[in-house]
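K.L.:
Provided below are the primary sequence and the corresponding predicted coordinates.
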Amino acid sequence: MTAPLLSLRDLRTEYRTDRGTVQAVRGVDLTLYRGEILGLVGESGSGKSVTCMSILKLLKRGGHITSGSADYDGTDLLRLSEGQLSRVRGDKIGVVFQDPMSALNPTMTVGRQVEEVLLQHRKISKKDARARAIELFKLVRIPSAETRIDNYPHEFSGGMRQRVMIAIALACDPDLLIADEPTTALDVTIQRQILALLKELRDRLGMAIILVTHDLGVIAETADRVMVLYGGQIMEEARVADLFEAPQHPYTRGLLAAIPDPRQSGGALTPVPGSPPDMRNPPSGCPFAPRCPKAMAICLTPPDLYGAGDALHLRPAQRTRCWLADPAVPAELMEAT
């Protein structure tokens, strides 16, 4: 069997604030293979972005990884020094951030920002770095690459700035691209163009992609496999087609039910009731139990993440963190729900 490119095991990350400790990620396991697009989806505060930023220790102030491992191609990234990890960032692993305007340096031309990455990680002349930057701009379909390379970030539209960010992330031919909400601030047309570009680059370059989003429509259009996060934990994992055809976790079903149906004009939305948990004091059992229409007394006890080999109604490669998937739950209870 092919070895995974990235394996997270029992990743736990917290933020220590004046108002208490936020348990942002609570025991996440993740496996990613070369050439795969894995989507991480969930509401704000679910832990999806913190999971990705923990991989490269790019946490905001107060963030601490308290346990776990991040095995990347045989190396545990969490055990590397800052100097060692800085050689991985931008080289082996590229990152596309949510807001390109704040991620790009407004005082430097976009071409120079691509060149800086190349000069840091490659033994290359400035002339060759510039030529490579032009090549990358063409790869991500920025028109008039030879002249636009000398422009500043404010001279680009939001969609073009995101293409610049992708070019920077791809500068050193990484094996893994982390795209953290790359289309959030873009209109629908530009969003589709960026998603199509990511898929095309995956097919062309053979890299793996972790795509972080709150939008299941983005997942349906782009990803091969998806993990649904809530309360810092994985609620469900499945191939994308299986998730949409046969969702198992009540939270996943709620997210799908909340998607507007373009065929029904004026129809009422079906939002997930309640609010996400306060992660300074998360629920003791299933984090979704206070909002769950299927909640039972046993949900006060944390459920395991059941796989297809040891749970009911699950398909191959599908896992869910729900007592309703436990074979020990009586059949009549399953029918009643």
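P.N.:
Received the coordinates, thanks. Numbers count the residues shown, from 1 in each chain.

K.L.:
going forward, measure contacts between C-alpha atoms and count neighbours the same way
P.N.:
Fine.

K.L.:
Tell me which residues touch residue 64, please.
P.N.:
Residue 64 sits next to 13, 14, 15, 16 when contact means Cα atoms under 8 Å, 6 or more residues apart in numbering.

K.L.:
Could you point out the helix or strand that follows the helix or strand containing it?
P.N.:
In the assignment (DSSP states H and E), residue 64 maps to strand 63-72. Downstream of strand 63-72, the first helix or strand assigned by DSSP H and E is strand 75-76.

K.L.:
which is the next helix or strand following that next one?
P.N.:
helix 82-88.

K.L.:
Report the mean confidence score over stretch 176-195.
P.N.:
What stretch 176-195 shows for mean pLDDT is 91.

K.L.:
Alpha carbons of it, in CSV - could you do that?
P.N.:
Only the C-alpha atoms of stretch 176-195 are listed here, as CSV (Å, rounded to 0.1, in the frame of the first residue of the first chain):
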residue,chain,number,x,y,z
LEU,A,176,1.7,19.6,-0.5
LEU,A,177,-0.3,22.8,-0.8
ILE,A,178,-2.4,24.0,2.1
ALA,A,179,-5.2,26.3,0.8
ASP,A,180,-6.9,28.0,3.8
GLU,A,181,-10.3,29.4,2.7
PRO,A,182,-8.8,30.5,-0.6
THR,A,183,-12.1,31.7,-2.2
THR,A,184,-13.9,33.3,0.8
ALA,A,185,-13.7,36.9,-0.3
LEU,A,186,-14.3,36.3,-4.0
ASP,A,187,-17.4,36.4,-6.1
VAL,A,188,-18.9,33.2,-7.4
THR,A,189,-17.4,33.4,-10.9
ILE,A,190,-13.9,34.1,-9.6
GLN,A,191,-14.3,31.4,-7.0
ARG,A,192,-15.0,28.8,-9.6
GLN,A,193,-12.0,29.9,-11.6
ILE,A,194,-9.7,29.6,-8.6
LEU,A,195,-11.1,26.1,-7.7
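
K.L.:
Okay, buried residues for that stretch please.
P.N.:
For stretch 176-195, the neighbour count (16 or more other Cα atoms under 10 Å) marks 176-183, 190-192, 194-195 as buried.

K.L.:
which among those residues gets closest to residue 94?
P.N.:
Ranked by distance to residue 94 (Cα to Cα), the buried residues of stretch 176-195 are led by residue 177 at 4.8 Å.

K.L.:
angle of whichever strand or helix holds the closest one against strand 63-72?
P.N.:
Using DSSP H and E, residue 177 sits within strand 176-180. Orientation note: strand 176-180 sits at an angle of 150 degrees relative to strand 63-72 (axes from the mean of the first three to the mean of the last three Cα atoms, to 10 degrees).

K.L.:
what packs against strand 176-180?
P.N.:
In this structure, strand 176-180 makes packing contacts with helix 48-55, strand 93-96, strand 208-213, judged by 3 or more Cα pairs under 8 Å, 6 or more residues apart in numbering; DSSP states H and E.

K.L.:
10 Å - rerun?
P.N.:
strand 37-41, helix 48-55, strand 93-96, helix 158-169, helix 188-205, strand 208-213 (3 or more Cα pairs under 10 Å, 6 or more residues apart in numbering; DSSP states H and E).
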